[in-house]
Every structure is written in C-alpha cells, then in structure tokens.
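Asker: fold the following and give me the result.
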Amino acid sequence: PGGDFSIYAQESKLSPYKSYVGMKLLTNKASEDSDYLETDQPYTISVVSVDENGKVLPNKSLSYEIYKIDWSWWYQKENLLANYVHNKSISPVYQGSVASNQSGKATFNVQVNYPDYGRYLVYVKDPASGHAVSQVYYIDWPSWRGRSGREDARSATVLPLTLDKKEYEVGE
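Answerer: The predicted structure follows:
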C-alpha cells in the first residue's frame, strides 16, 4: 500500500547434466606474442570429467572429434560454432575416444602437418551425459616458411590480363 517495491529471490541448484567435461591445451603457442599454433608439432589436449559439484569422475569414456573449419569472411563469429558441425563448412579430420584415469583426467594429441593450415575445432563429448566442450585453434606454418606457396582453388583469385598489341582501333 505504501508504494515500496519488494524483491523475492530464491537460490536453487540447476544442473542439466550428470557429468561435465572440460578441456585445456597443455603446450605453449608458437611464441609468447603469437596467437597461433605451428604446424608439424604435436599438441596435447588434456580433458577432465567432473560431476555437478566439480568432483572428478574416474574411468569415464569420452569421445573427441577434430574438424577443419573452412574460411568464411562474412561469418567469423566464434559463439555460433554449433552451426559449423552440421554444415558443409567443416571437414572432419580426426576422431577417437579416451578414458579418464583415476584422477578423472585423460589426454590425446593433435598434430597438423605442413602444408595444411587454418582454423580447427576440437570437440570433446561425454556420451553418457551428453555434455560437450569445444575450442577453436588457429594452426599455421612457422613464420620462416613464408606465405607465397599457399594456393586454394576455392578462393577468389585475380585473373591477369595482357594485351597482344600496343594500340587498338574502335571495334577490334
């Protein structure tokens, strides 16, 4: 009656999954000031399985998939990666499974070799609970290789034109 507002708040725990999976790249990038990984080097991905309270779950079977993401200059948003997995803008590269040990952790290696390069999506899933985690990594040639040897038949190119004589008459 006095016009004051009141707020009622209630805390409740919500956990849509019985277990969760997390992922971390264990190796450093090409250098401290770079934002990419280099080709021709193995990189270790560490995964962990935990319950809704963050307690590690030993002996969990996890699956992983690695996709190469094609370039889409008009569609570079990282937060909509689920669309890539179901479209033709990705190519599966690796898939496998790992089982967590007694500490709830497991690792697997990823390596992209020259001359390949680009954006790669690493996707790890707990098939039992359905929870998944993903991360995009950019893997490129070491800077000493240069970029002049790159060719991509699907990308736009410049068609060089030359003339066969110095001057033309109208109608030629």
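Asker: now do the strands in the protein.
Answerer: Along the chain, counting by DSSP state E, strands occupy 19-25, 37-38, 43-51, 61-69, 90-99, 105-110, 118-125, 132-140.
Asker: Val170: which of these is closest?
Answerer: With respect to Val170, and counting by Cβ to Cβ, the nearest of those is strand 118-125 at 48.7 Å. (Each C-beta comes from the backbone N, C-alpha and C, glycine too.)
Asker: before we move on, back to that, got TSV for the strands of the chain, with mean pLDDT and mean neighbour count too?
Answerer: Compiled in TSV, those are given as follows (pLDDT from 0 to 100; neighbours: other Cβ atoms under 10 Å):
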stretch	mean pLDDT	mean neighbour count
strand 19-25	92	17
strand 37-38	87	20
strand 43-51	93	18
strand 61-69	92	19
strand 90-99	86	14
strand 105-110	92	17
strand 118-125	91	20
strand 132-140	90	18
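Asker: dump the ones you listed to TSV, plus distance to Asp4.
Answerer: Converted to TSV, these look like this (distance: least, Cβ to Cβ, whole Å):
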stretch	distance to Asp4
strand 19-25	42
strand 37-38	57
strand 43-51	43
strand 61-69	52
strand 90-99	55
strand 105-110	53
strand 118-125	50
strand 132-140	45
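Asker: I'd like to know which of those lies nearest to Asp164.
Answerer: For Asp164, the closest of the strands of the chain is strand 118-125, at 39.6 Å, according to Cβ to Cβ.
Asker: quick one: list the elements packing against the closest one.
Answerer: Using 3 or more Cβ pairs under 8 Å, 6 or more residues apart in numbering; DSSP states H and E as the contact criterion, the neighbours of strand 118-125 among helices and strands are strand 19-25, strand 43-51, strand 61-69, helix 82-85, strand 132-140.
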